[in-house]
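**Q** Mind looking at a prediction? Sequence and model below.
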Amino acid sequence: METTDSIPATTSIVVMGVSGSGKSTVANELARRLQWEFIEGDDLHPPENVEKMRSGTPLDDEDRWPWLRRMAELIGEHEAAGTSFILTCSALKRSYRDLLCDGHPSVWFAHADTSEEVLTERLAQRKGHYMPPSLLRSQLDTLQPLGDDEPGAVVPGEGSVEETVGEMLSELCDERKIPLPR
Ligand SMILES: Nc1ncnc2c1ncn2[C@@H]1O[C@H](COP(=O)(O)OP(=O)(O)O)[C@@H](O)[C@H]1O
Ligand SMILES: O=C(O)[C@H](O)[C@@H](O)[C@H](O)[C@H](O)COP(=O)(O)O
């Protein structure tokens, strides 16, 4: 994916993807490996968005823009402080990702590509989450794959969490000239 001559001083890894693609699981492991702060994007949804999803209605652009703007602000704050961090955010559309990237060279998207079959199985097994498995279809219909001209990497998402995170880190560290953590 995109390489740049000027390496940003800080990195904001945005773990993107549809529900069940392992964003939270992967972000936790990235945070453990890198010892960076992890912010869960699900926790930043206003209560109305959570209720909408809980009741089985997909979010629309209008629901998502304020939530995305809050995350863009957080990225800006981390850049200003010079602190790298990890954020989970579905970031399903290119326009959403463009908003997160706008003026923010630190952003690097990490997507664990996972088949619909595996996603369906994972969501059927997941307990205690507001997101109903019935919303997977609309998430998949909304997802616009990460483009070659966007910063980040798409890696296979069906192996172990360690394998997925290992691949993400190797891509990130290679592109951003960061030493690979142990
Ligand atoms: N690589 C993986 N292998 C097996 N199960 C996984 C993997 N990644 C995530 N899971 C499981 O799939 C479910 C969804 O993962 P989660 O991290 O909540 O995804 P998301 O945050 O994208 O909705 C969880 O129950 C999690 O334990
Ligand atoms: O943009 C959206 O429609 C939501 O952000 C959605 O993509 C997100 O995934 C939910 O918050 C559910 O949370 P999980 O992804 O953890 O299932």
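**A** That came through fine. Residues are numbered from 1 along each chain as shown. Ligands and ions are numbered 1, 2, ... in the order given.
**Q** Nearest residue to Arg126 in space, please, no chain neighbours.
**A** Of all residues beyond its chain neighbours, the one nearest Arg126 is Gly20 (7.1 Å), with distances taken as CB to CB, 6 or more residues apart in numbering. Yep, even glycine has a C-beta here, placed from its N, CA and C like the rest.
**Q** can you check Leu119 too?
**A** With sequence-adjacent residues excluded and distances taken as CB to CB, 6+ apart, Leu119 is closest to Gly20, at 4.3 Å.
**Q** can you list the residues of this structure near ligand 2?
**A** Contact residues of the chain with respect to ligand 2, defined by CB under 6 Å from any ligand atom, are listed as 19, 23-24, 42, 45, 53, 59, 64, 90, 92, 129, 131, 139.
**Q** wait, the residue nearest to Arg126 sits on Ala124?
**A** No - using CB atoms under 8 Å, Gly20 and Ala124 do not qualify as a contacting pair, with a distance of 9.3 Å.
**Q** Can you check which residues contact both of these two?
**A** Overlap between the contact sets of Gly20 and Ala124, as judged by CB atoms under 8 Å, 6 or more residues apart in numbering, is given by Pro133.
**Q** Test my guess that Phe109 contacts Ala91.
**A** Yes - Phe109 is in contact with Ala91 according to CB under 8 Å; the separation is 6.7 Å.
**Q** Between Gly20 and Ala124, point out the one with more neighbours.
**A** Neighbour tally, Gly20 and Ala124, criterion other CB atoms under 10 Å: the higher count belongs to Gly20, 25 against 10.
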